[in-house]
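Enquirer: Sharing a model that was predicted from the sequence below.
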Amino acid sequence: MTVIVLIATQQGLRGHLTRWMIEVAAGVFVGNPSARVRDRLWNLLIDRVSDGQAIMAEPAQNEQGWAIRTTGRDRWHPVDLDGLILTARNRR
């Protein structure tokens, strides 16, 4: 399963993601796209996120079984703590 969270992005970007995933809450998308589709969606997010942020949790072959990608403003970012990936928020 893949989860994408959009923060302060364009409405059109949310609309595009609904073609591939279900929007379970405002800006939170859940689905099971193939790795190829997931990578193409990620490239689209990188190109169109502008002043917002996108976070993707996706399946991975590691201890936790998932990995995190982030793009846009650095509000949230993954942090590796001895092989355990956590998400941290930047201080303002």
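Expert: Looks like it arrived, so ask away.

Enquirer: tell me the pLDDT at the residue of the chain most remote from its centre?
Expert: Taking C-alpha atoms, centre = their mean, the residue of the chain most remote from its mean C-alpha position is residue 82, at 22.5 Å. Model confidence at residue 82, given as pLDDT, is 80.

Enquirer: wait, residue 76 sits on residue 56?
Expert: No - taking contacts as C-beta atoms under 8 Å, residue 76 lies outside contact range of residue 56: 11.5 Å. (Glycine included, C-beta is placed from N, CA and C.)

Enquirer: Those two: which has the busier surroundings?
Expert: The neighbour comparison of residue 76 against residue 56 (other C-beta atoms under 10 Å) goes to residue 56, with 20 against 17.

Enquirer: A helix includes that one, no?
Expert: No - using DSSP: H, G, I helix; E, B strand; the rest coil, the secondary structure at residue 56 is strand, not a helix.

Enquirer: could you pull out the strands for the protein?
Expert: 2-7, 22-25, 28-31, 53-59, 66-72, 76-81, 84-89 (DSSP state E).

Enquirer: how close does the residue farthest from the centre of the chain get to residue 89?
Expert: To residue 89, residue 82 is 20 Å away according to C-beta to C-beta, to the nearest Å.

Enquirer: Turn the strands of the chain into JSON lines, columns for distance to residue 41.
Expert: Putting those into JSON lines (distance: least, C-beta to C-beta, whole Å) gives the following:
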{"stretch": "strand 2-7", "distance to residue 41": "7"}
{"stretch": "strand 22-25", "distance to residue 41": "14"}
{"stretch": "strand 28-31", "distance to residue 41": "9"}
{"stretch": "strand 53-59", "distance to residue 41": "8"}
{"stretch": "strand 66-72", "distance to residue 41": "11"}
{"stretch": "strand 76-81", "distance to residue 41": "18"}
{"stretch": "strand 84-89", "distance to residue 41": "20"}
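
Enquirer: how close does the one residue sitting closest to the centre of the chain get to residue 17?
Expert: With distances taken as C-alpha atoms, centre = their mean, the residue of the chain nearest its centroid is residue 56 (2.0 Å). Using C-beta to C-beta, residue 56 is found at 11 Å from residue 17.
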